[in-house]
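J.: give me a 3D structure for the following:
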Amino acid sequence: MRPQPYDFAAIEARWRRRWEEQGVDRTPEPSAGPKMYILDFFPYPSGEGLSVGHARNYVPTDVLARYFRMRGYAVLHPMGWDAFGLPAENEALQRGRHPRETTEQYAATYRRQLTLLGCSYDWTREFTTSDPAFYRWTQWGFLLLYRRGLAYRATGWQWWCPQCRTILANEQVAGGRCWRHGDTPVERRALEQWYVRTTAYAERLLGDLEQLDWPEHIKTMQRNWIGRSPGAEIRFAIRSGTAVDDPADHGQTEISVFTTRPETLWGATFLALAPEHPQALELATGARRSEVERFIGGALRRSEIERMTGGASPGGVFTGAFATHPLSGEALPVYVADYVLGQYGTGAVMGVPGCDERDAALARRYDLPVTPVDPAAKPEAVLAALVRRGAGGPAVRYRMRDWLVSRQRYWGAPIPVVYCAHCGTVPVPDDQLPVRLPEVAQYAPSGTGRSPLAGIAEFVRTTCPHCGGSAERETDTLDGFADSNWYFLRFADPRWVRGPWNPDAVAYWLPVDWYIGGAEHAVMHLLYARFFTKVLQDAGLVTFGEPFPRLRSQGSMLSPADGARMSKSRGNVVTPDEVAAMHGADALRGAVMFIGPFDQDATWDPDTAVGTARFLRRLHGLFSRAAEVPPGGEPRQAPAVAGRLHRAIAAAGRLIESFRFNVLVAELMTLLNDLEAMEAAWRGTPAWRRAMVDLAKLIAPVAPHLAEEAWAMLGQTGSVHRASWPEVDAASTGEQRITIVIQVDGRVRDRLIVDRIPDRAALIDEAMRRERVRAALRGQIADVIVVPGRVVNFVTSRGGEV
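T.: Below you'll find the model as predicted:
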């Protein structure tokens, strides 16, 4: 009998249909056994659909989920849609459709493509954040923050994107430009907005990073964004008027300045306020007021980057007010300067021309004095003097600012607050949630600073929940990140109706064991989700403070056409549909893993899929030949076959758990070569049959369709994905595992577990791939000391530093 041809299209369609019919991917009920919650960053569905770059994220997590299921874990591997927010609304506007329609259409496309890839999501747990059954609880979460004093309304200078026509959070502005439109400079507008007090948790957000198993560069991004700066807060009394000794105006107000170098206070010769500073215009005296007003208006039309780097001579204007030096009593003129940013410190700085070049430039421009700073001055002595005079003291400031959560857009969860003339700001009671987003035909942003909802009278007019009188609803909607900061809790039981989540299910499944997604959300989604989880912990609603103890981030897939990240706007997208149609979904899965290390960028190469397709055809042939010969013959042992297979099984488990998927595929290819060389001697024996059954299990996470076909061809019952992962027989491998300690400057940074002693070059290469090692190698490597089979020690140029 001739071996069956490898008809990947028929094989993959057949097994996808049977998995759905038999519920193979359904999540088991909580039990006493071990669990594994494996979660992708859930996507916002767009009209572009998935590219092979997206497959770099979703395929490896599916490998992980399938592997742990076979290891006996109860696995939760869900998928849903982050539908609210600017990206979805902007795309719907461009297409002249309602965002609800486009969301449903695009989610269906993503679902089809992910199913095509063989991803084993439990689709019974699917949800969309724009569903009132979900955003009811997003609104509940906002009210929880409000009741705990963590959500508040305030007026301030905000980032405004003229293209999005809405306010942006600080985290959504990069280099003075909108995060969604890299070519759109943002502007400043003074508006009353809703904020969440994330800064109240700054110290915990910073300190708890140490307990997380995250890529070091992402933890560094969060540390830098939080930006803890110890220093001093110094209060300067202000006199308005032209004469510093005018008693009539003495001590009317004060300005606080934060500095990391309090010892330079003796060199301060002026104060400089940011144009956004609330007192910048208030302090302007007489005829100077119009000049100050013009300067502030001009400065605020420029981005922060332009203001900081716009020229060698920074701009400024004298307010006419003077500050009193808290230690010397000298008069210091107060300027408004464009290089001072309202987002940093207190929005005011003490000008020390002897220590800061920008201060010096302003001093030169306005002929201000320069007072040298004594290099022997001690910050402790200055702090003590300030404390004695009640003029300041030690302080800690953070670069991070409170999260601005209100948006002047339609497509988002309405903020559940009403305004009553008698009762003021009144939260909507829980039993009146959700505040539903009205269905409208016209939802384009007005650009006036007000949401389109403000023009819908039947939405705005309401009744005060407190007094029963007339009231008006808040018309801004919540930032889309208000949905993604808690969605992972909902997946534990998305049909639960008695609260945002089922407490018993959350107690079993959470926190997330493996969280997989891109580094672009390091200072938005990941930071907000950590913050909200800590609030829930403090409220006694969850028992953990970190939602994602383990995080892995994939590199980008670059287009071979132009070397840029794949994007429909660039016309360089390769879709999984076209690759799967030509080579099969299993070949695509193998290609996106084999193309390079998971955490590094890679350029898509069509030949990679050609190679993995050839590999799968050979595997199919091996299984077909084994299936056509009934087991029989001499029941002798096959130590060579068993040894080679069990070495591969041991390696595969380690490679999957360490996210070295490219090496995993290479190991399977090498294994196939070795087994083909042994086939003639062993085919038809019980030992070979056992080996083929174990091989089907071994490839199941990587090539799930082919593995299922092989399992059936070999006469096995049930699904291979419900079978147990093959156990490693240490005696069969004939080798013992070796632990090699990796050091940097004599300090242990990691350990490498191997089956055999690698050569020097391979050992050094592998050691330098480790995240903890890379993080510690901040200096130039001066030497590498290798003790074979025991230690590799990198000696850096910093090695002798104390």
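J.: all strands for the stretch 551-700 of the chain, in order.
T.: Listed in chain order, the strands of the stretch 551-700 of the chain (DSSP state E, counting those that start in this stretch) span 551-552, 557-558, 602-603.
J.: let's have the ones you listed in TSV, adding mean neighbour count and mean pLDDT.
T.: All C-beta atoms are positioned from the backbone trio N, CA, C, and that covers glycine. Formatted as TSV, those follow (neighbours: other C-beta atoms under 10 Å; pLDDT from 0 to 100):
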stretch	mean neighbour count	mean pLDDT
strand 551-552	20	97
strand 557-558	20	90
strand 602-603	17	94
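J.: for residue 221, which of those is the nearest?
T.: Of all those, it is strand 551-552 that lies closest to residue 221, at 11.9 Å by C-beta to C-beta.
J.: from the contact counts, what lies against the closest one?
T.: strand 514-516 (3 or more C-beta pairs under 8 Å, 6 or more residues apart in numbering; DSSP states H and E).
J.: give me the contacts around the strand it packs on.
T.: 36-41, 57, 60-61, 64, 488, 547-548, 550-554 (C-beta atoms under 8 Å, 6 or more residues apart in numbering).
J.: please indicate which of those residues are buried?
T.: 36-41, 57, 60-61, 64, 488, 547-548, 551-554 (16 or more other C-beta atoms under 10 Å).
J.: related to what we said a few turns ago, from the contacts of strand 514-516, which land in strands?
T.: 36-40, 551-552 (DSSP state E).
J.: so which of those comes closest to residue 154?
T.: Nearest to residue 154 out of the ones in strands among the contacts of strand 514-516 is residue 551 (C-beta to C-beta; 32.7 Å).
J.: quick one: contacts for the closest one?
T.: Residue 551 makes contact with 212-215, 218, 515-517, 526, according to C-beta under 8 Å, 6+ apart.
J.: can we see that at 6 Å?
T.: 214, 515 (C-beta atoms under 6 Å, 6 or more residues apart in numbering).
J.: what's the spacing between it and residue 521?
T.: Noted for residue 551: a distance of 10 Å to residue 521, by C-beta to C-beta, to the nearest Å.
J.: ok, now residue 156?
T.: Distance, residue 156 to residue 521, by C-beta to C-beta: 25 Å.
J.: all helices of the stretch 151-300 of the chain, in order?
T.: Taking DSSP state H, counting those that start in this stretch as the criterion, the stretch 151-300 of the chain carries its helices at 202-207, 216-226, 288-300.
J.: which among those is found nearest to residue 534?
T.: Proximity to residue 534, assessed across the helices of the stretch 151-300 of the chain by C-beta to C-beta, is greatest for helix 202-207 (5.9 Å).
J.: worst mean pLDDT across the helices and strands of this structure, which element?
T.: helix 730-733 (a mean of 61; mean pLDDT, DSSP states H and E).
J.: quick one: residues contacting the residue nearest to the spatial centre of the chain.
T.: Geometric centre of the chain, nearest residue: residue 521, 3.0 Å, by C-alpha atoms, centre = their mean. For residue 521, no contacting residues are found, by C-beta under 6 Å, 6+ apart.
J.: stretch 412-424 spans what distance, first to last residue?
T.: End-to-end span of stretch 412-424 (C-alpha to C-alpha, to the nearest Å): 24 Å.
J.: which residue comes closest to residue 378 once chain neighbours are left out?
T.: In space, and not counting its chain neighbours, residue 378 is closest to residue 263: 6.2 Å by C-beta to C-beta, 6 or more residues apart in numbering.
J.: look up how far residue 793 lies from that neighbour.
T.: Applying C-beta to C-beta to residue 263 and residue 793 gives a distance of 40 Å.
J.: same deal with residue 444?
T.: For residue 444 relative to residue 793 (C-beta to C-beta), the value is 62 Å.
J.: between the two, which has more neighbouring residues?
T.: residue 793 (20 against 12; other C-beta atoms under 10 Å).
J.: for the more buried one, helix, strand, or coil?
T.: Secondary structure of residue 793, reduced to three states by DSSP: H, G, I helix; E, B strand; the rest coil: strand.
J.: from what I can see residue 528 touches residue 485, true?
T.: Yes: Residue 528 lies in contact with residue 485 (C-beta atoms under 6 Å); the separation is 4.3 Å.
J.: what about these two, which has more around it?
T.: residue 485 (27 against 23).
J.: any idea how far residue 523 is from that one?
T.: As defined by C-beta to C-beta, residue 485 lies at a distance of 13 Å from residue 523.
J.: what ranges do the helices span in the stretch 301-450 of the chain?
T.: Taking DSSP H, counting those that start in this stretch as the criterion, the stretch 301-450 of the chain carries its helices at 304-309, 357-365, 379-389.
J.: domain assignment for this protein?
T.: As assigned by automatic domain parsing, the chain contains the domains 32-129+485-557, 137-224+403-481, 228-398, 576-594+605-733, 738-796.
J.: any idea which of those domains gets closest to residue 21?
T.: Ranking those by proximity to residue 21 (C-beta to C-beta) places domain 576-594+605-733 first, at 11.2 Å.
J.: residues touching the longest strand belonging to the chain, excluding its own?
T.: Secondary structure of the chain per DSSP E: the longest strand is strand 228-240. Contacts of strand 228-240 with the rest of the structure, by C-beta under 6 Å, 6+ apart, involve 206, 249-260, 262, 285, 321-324, 383, 391-392, 394-398.
J.: in stretch 743-759, which residues are buried?
T.: For stretch 743-759, a neighbour-count test (16+ other C-beta under 10 Å) marks 743-745, 749-750, 752, 754, 758 as buried.
J.: should've said stretch 674-692
T.: Residues 675, 678-679, 682-692 are the ones in stretch 674-692 that count as buried (16+ other C-beta under 10 Å).
J.: follow-up on the earlier one: mean confidence score for the longest strand of the chain?
T.: Across strand 228-240, pLDDT averages out at 91.
J.: mind listing what's buried along it?
T.: Those would be 228, 231-240, for strand 228-240 by 16+ other C-beta under 10 Å.
J.: got any ranges where the stretch 151-300 of the chain has weak pLDDT?
T.: Applying pLDDT under 70 to the stretch 151-300 of the chain flags the ranges 169-171, 175, 179-183, 240-252.
J.: for residue 629, see how far away the nearest residue to residue 446 once chain neighbours are set aside is.
T.: Excluding its sequence neighbours, the residue lying closest to residue 446 (C-beta to C-beta, 6+ apart) is residue 452, at 6.3 Å. For residue 452, the distance to residue 629 equals 70 Å [C-beta to C-beta].
J.: okay, those two: which has more neighbours?
T.: Using other C-beta under 10 Å as the criterion, residue 452 and residue 629 rank with residue 452 on top: 22 against 14.
J.: any idea how far that one is from residue 404?
T.: Distance, residue 452 to residue 404, by C-beta to C-beta: 19 Å.
J.: could I get the average pLDDT for stretch 345-357?
T.: 93.
J.: mind listing what's buried in that stretch?
T.: 345-356.
J.: show me which pair in those residues is furthest apart.
T.: 347 and 354 (22.8 Å).
J.: OK, contacts around residue 536?
T.: Here residue 536 is in contact with residue 542 (C-beta under 6 Å, 6+ apart).
J.: helix or strand for it, which one?
T.: helix 525-538 (DSSP states H and E).
J.: what's residue 268 in contact with, if anything?
T.: Residues near residue 268 by C-beta under 6 Å, 6+ apart: 350, 352.
J.: er, residue 343 actually
T.: Counting by C-beta under 6 Å, 6+ apart, residue 343 has no contacts.
J.: and it, how far from residue 698?
T.: Residue 343 is 54 Å from residue 698, where distance means C-beta to C-beta.
J.: next one: residue 630
T.: With C-beta to C-beta as the criterion, residue 630 and residue 698 are 23 Å apart.
J.: same deal with residue 447?
T.: Distance, residue 447 to residue 698, by C-beta to C-beta: 59 Å.
J.: the more surrounded of residue 630 and residue 698?
T.: Applying other C-beta under 10 Å to residue 630 and residue 698 shows that residue 698 carries more neighbours, namely 22 against 9.
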